[in-house]
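Novice: Predicted model, plus sequence, below.
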Number of protein chains: 2
Amino acid sequence: MSATRSRPPTITDIARQAGVSTATVSYVLNDTPGTRIPEATRRRVTEAADDLGYVPHASARSLRTGRSDLVVYAMPAVTLGPFAARFLAGLADELQDRGFTLVLHGDSASRGVRAARRWARLRPAAVIAEGHRLTDAARDLMRRSGTVLVALGGAPEAGLPTLVLDHRGMGEAAGRHLAGRGCRDVAAVIPAEPVLRDMGEARAVGVEEGLRGAVEGDAGGGQSRDGESADGDAIAMRRTPMEETPEDAGRVVREWIRDGLPDGVFGYNDEHAGLLLSALIDAGVEVPGRVRLVGADDLPLCGMLRPRLTSVGLRAEYAPAEAAERLLSLITGEEGADRPLRLWTPELRVRASS
Amino acid sequence: MSATRSRPPTITDIARQAGVSTATVSYVLNDTPGTRIPEATRRRVTEAADDLGYVPHASARSLRTGRSDLVVYAMPAVTLGPFAARFLAGLADELQDRGFTLVLHGDSASRGVRAARRWARLRPAAVIAEGHRLTDAARDLMRRSGTVLVALGGAPEAGLPTLVLDHRGMGEAAGRHLAGRGCRDVAAVIPAEPVLRDMGEARAVGVEEGLRGAVEGDAGGGQSRDGESADGDAIAMRRTPMEETPEDAGRVVREWIRDGLPDGVFGYNDEHAGLLLSALIDAGVEVPGRVRLVGADDLPLCGMLRPRLTSVGLRAEYAPAEAAERLLSLITGEEGADRPLRLWTPELRVRASS
DNA sequence: TTGTATGCGTTATCAG
DNA sequence: CTGATAACGCATACAA
């Protein structure tokens, strides 16, 4: 190793040491197609690079090429749950393998051009952001800087490839299940936290459709609780707002008891459902005897609770690799931008609570 | 808004449109100290910039200044848990507020110079990485490129500011608690997964010290179970490897029953502890009557289990802001690199399981 | 107060 | 096949 330098070595330093020009160095180091460099020269260059401890300067490269290898993930305002965390970690890994670097952009409050300007400074190869933050002006801005835009949301965004988290489908699976078990009076919990409301509503709508679909598909012949027959009437569903705290779960259960207990509950996610389960048990309500309960996300937590929690999850194991692959084909322009990217398919895991 | 251009506008475009030089544009846009630009000129420039939809080019700037506004977080190989996820999301936000951008670097397998070269390409302002990945050569490389290095680990890394996650301290709090409740035969669970082993061992060592410390501090007078007196002997502690699956939790419990049940268990974290609790209940073992159980991380899950799970957590609420602040003072050179950054203090939350 | 000129590290376009 | 050399967009020392 040569003497410690005050500044990192550049290809100019390598060129000098190897006795060639900077162009040759660039060719060798990048394996530039359409150039045939003799093995001898090639070795001299790589050895000089190793010797000097050369590290390419990403900014210089992207200034020249006009594009960086950065992929911006604009973090949603939602608290990063276990599901999203796993996806993100996986995505970072997969992108790295493909020569890209994931950037976590944190100003979840801003949207539109204001947000887009922040992203555009990096001249990233792609930006992944919630659909509702991508106003027309924002899309224009990103398009002008040549950045691939990917929307994030519960449903495909018109004109953009979308990472679809199928909230409606999750609710539907849960609703169908509850109806199939004979539930006639279902409560869908919706988080009180504003940033989660939309997701909660999407899941609730799904539950409604699942309930209706199950009744229609049944044609009056499904199994039912207490010997009542499913008569084809639409099943009642109420929406119940709830904060993610033990205290509020207690309040919800007390009000249910006062106003009439539902016979089926969709808990929005496993944490809400777990808190409800806790409160129901404390109140002496039998689960699933009196109230059937279904959560969502299928966290490990479900297997630890007593009774175990039935949950509808989205299998995230392979999602990051798929997402990275699709992102790349979008970046390299091999693929149109229209097709939505439905990464996850809802999958019900039935356990003891329902 | 002017016509759509094929390439994003530059300060040269602004200068032309405003009828000034690029230097003036730069002065105005950056509020460069030591320059007095009349309000009239200033307005012409900002208006032109707005009109053209100007977005500064981060790479060009960092090439010129030699420094980028990127902070690299080299992701540990460990699965991103809820705790780390919250910290990361918070850090991204805080850094953004201060003009920096968080980069999630995903090649958790590589270390040493190999990893350092990947980081160095971005010429980041700072790199946060696990201490064991920072070999001397790697540190040298980063230092030469003028990057602030911050270690991540269970204990302060010599010569580097360290984000300390006090695993030993967590174990100690748990051990002290168990000893105080009269436990004499404690099992510390250590995750079987290789990347978690070190953390598990650190927490186990802490448990050992906690047990010993409690006995010594007690001087034979502490409360104890079944009327036995704490006689000052060191309390026995065994290490129990376990995978994070219901099946393996079952195996562990069966072996405990066969070889003699411990009277106290530290479950490594809440998920391991929850699985163990589940298995213990299934096996008909009374908790905490026969076995006292303590988890770690203090997840919401703890309040949902029955019995509720005692847990030792690290309060992470304010950590991101503190970390960002310290990082900044390190970057700007206002502060020496020696002082460790102990962000989290272990804190026991006693619930019904122990 | 403002303009001119230069260089940051790379890649790409040309000649040779 | 390889070597000069001109951009890329920006910041700044220096000149006017």
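Specialist: That came through fine. Being a predicted model, the structure only gives us computed values, none of them experimental.

Novice: thinking residue A:120 is in contact with residue B:8, fair?
Specialist: Yes - taking Cβ atoms under 8 Å as the definition, residue A:120 is a contact partner of residue B:8 at 7.4 Å. Where you see a C-beta, it was placed from the backbone N, CA and C, and this is true even at glycine.

Novice: More neighbours: which of those two?
Specialist: Each of residue A:120 and residue B:8 has its neighbours counted (other Cβ atoms under 10 Å in any protein chain shown); residue A:120 has more, 25 against 19.

Novice: Please enumerate the shared neighbours of residue A:120 and residue B:8.
Specialist: A:145, B:55 (Cβ atoms under 8 Å, 6 or more residues apart in numbering or on different chains).

Novice: Give me the neighbour count for the residue of the stretch 51-200 of chain A found nearest DNA strand D.
Specialist: For the stretch 51-200 of chain A and DNA strand D, the shortest gap (Cβ to the nearest atom of the strand) falls at residue A:64, measuring 3.7 Å. Residues lying near residue A:64 (other Cβ under 10 Å) number 10.

Novice: Enumerate every residue touching it.
Specialist: Per Cβ under 8 Å, 6+ apart, neighbours of residue A:64: none.

Novice: please redo it, this time with the cut-off set to 10 Å
Specialist: Residue A:64 makes contacts with B:59, B:63, as judged by Cβ atoms under 10 Å, 6 or more residues apart in numbering or on different chains.

Novice: measure it to residue B:60 for me?
Specialist: 10 Å (Cβ to Cβ, to the nearest Å).

Novice: At which residues are the helices of the stretch 101-250 of chain A located?
Specialist: With DSSP state H, counting those that start in this stretch, the ranges of helices along the stretch 101-250 of chain A come out as A:112-120, A:136-144, A:167-180, A:194-218, A:246-259.

Novice: so can I have a markdown table of these showing distance to residue A:49?
Specialist: Formatted as a markdown table, the helices of the stretch 101-250 of chain A follow (distance: least, Cβ to Cβ, whole Å):
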| stretch | distance to residue A:49 |
| --- | --- |
| helix A:112-120 | 33 |
| helix A:136-144 | 36 |
| helix A:167-180 | 50 |
| helix A:194-218 | 49 |
| helix A:246-259 | 60 |
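
Novice: deepest of those helices, which one?
Specialist: helix A:167-180 (a mean of 26; mean count of other Cβ atoms under 10 Å in any protein chain shown).

Novice: rank the helices of the stretch 101-250 of chain A by pLDDT, which is bottom?
Specialist: Ranked by mean pLDDT, these bottom out at helix A:194-218, which scores a mean of 88.

Novice: In terms of secondary structure, what does it contact?
Specialist: Contacts defined by 3 or more Cβ pairs under 10 Å, 6 or more residues apart in numbering or on different chains; DSSP states H and E place helix A:194-218 against strand A:148-153, helix A:167-180, strand A:185-191, strand A:236-242, strand A:264-266, strand A:292-296, strand A:310-314.

Novice: Residue A:279 and residue A:265 touch, don't they?
Specialist: No - at 11.0 Å, residue A:279 does not count as touching residue A:265 under the criterion of Cβ atoms under 10 Å.

Novice: Which one's more surrounded, the two?
Specialist: A count of neighbours by other Cβ under 10 Å puts residue A:265 above the other of residue A:279 and residue A:265, at 33 against 22.

Novice: Distance to residue A:252 for the helices and strands packed on helix A:194-218 - can I get that in JSON lines?
Specialist: JSON lines is the format used below for the helices and strands packed on helix A:194-218 (distance: least, Cβ to Cβ, whole Å):
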{"stretch": "strand A:148-153", "distance to residue A:252": "28"}
{"stretch": "helix A:167-180", "distance to residue A:252": "18"}
{"stretch": "strand A:185-191", "distance to residue A:252": "8"}
{"stretch": "strand A:236-242", "distance to residue A:252": "5"}
{"stretch": "strand A:264-266", "distance to residue A:252": "10"}
{"stretch": "strand A:292-296", "distance to residue A:252": "12"}
{"stretch": "strand A:310-314", "distance to residue A:252": "19"}
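
Novice: Take those and lay them out in a markdown table including distance to DNA strand C.
Specialist: Listed next are the helices and strands packed on helix A:194-218 as a markdown table, based on distance: least, Cβ to the nearest atom of the strand, whole Å:
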| stretch | distance to DNA strand C |
| --- | --- |
| strand A:148-153 | 19 |
| helix A:167-180 | 43 |
| strand A:185-191 | 48 |
| strand A:236-242 | 54 |
| strand A:264-266 | 53 |
| strand A:292-296 | 46 |
| strand A:310-314 | 39 |
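
Novice: Dump the ones you listed to CSV, plus distance to chain B.
Specialist: Output for the helices and strands packed on helix A:194-218, formatted as CSV (distance: least, Cβ to the nearest Cβ, whole Å):
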stretch, distance to chain B
strand A:148-153, 15
helix A:167-180, 19
strand A:185-191, 14
strand A:236-242, 14
strand A:264-266, 15
strand A:292-296, 11
strand A:310-314, 13
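
Novice: out of those, nearest to residue B:334?
Specialist: Proximity to residue B:334, assessed across the helices and strands packed on helix A:194-218 by Cβ to Cβ, is greatest for strand A:148-153 (37.9 Å).

Novice: who does that closest one pair up with?
Specialist: Strand A:148-153 has the following strand partners under DSSP bridges: strand A:126-130 (parallel), strand A:162-164 (parallel).

Novice: Okay, buried residues for it please.
Specialist: Within strand A:148-153, the residues scored as buried using 16 or more other Cβ atoms under 10 Å in any protein chain shown are A:148, A:149, A:150, A:151, A:152, A:153.

Novice: Quick check: residue A:308 vs chain B, distance?
Specialist: Per Cβ to the nearest Cβ, to the nearest Å, residue A:308 is found 9 Å from chain B.

Novice: Can you verify my assumption that that residue contacts residue A:302?
Specialist: Yes - checked against Cβ under 10 Å, the pair residue A:308 and residue A:302 is within contact range at 6.2 Å.

Novice: Please see if stretch A:35-52 touches DNA strand D.
Specialist: Yes - applying Cβ under 7 Å from any atom of the strand, one finds stretch A:35-52 in contact with DNA strand D at A:35, A:36, A:37, A:38, A:41.

Novice: Quick check, residue A:157 in contact with residue A:149.
Specialist: Yes - counting by Cβ under 10 Å, residue A:157 touches residue A:149, with 9.2 Å between them.

Novice: shared neighbours of those two, which are they?
Specialist: A:131, A:134, A:139.

Novice: neighbours around the residue nearest to residue A:56 when sequence neighbours are not counted, how many?
Specialist: Of all residues not flanking residue A:56 in the chain, residue B:121 sits nearest, at 5.6 Å (Cβ to Cβ, 6 or more residues apart in numbering or on different chains). Using other Cβ under 10 Å, residue B:121 has 17 other residues around it.

Novice: Assess the claim that residue B:121 and residue A:61 are in contact.
Specialist: Yes - contact criterion Cβ under 10 Å: residue B:121 and residue A:61 qualify, at 8.7 Å.

Novice: Quick check: neighbours shared by the two?
Specialist: Common contacts of residue B:121 and residue A:61 (Cβ under 10 Å, 6+ apart): residue A:69.
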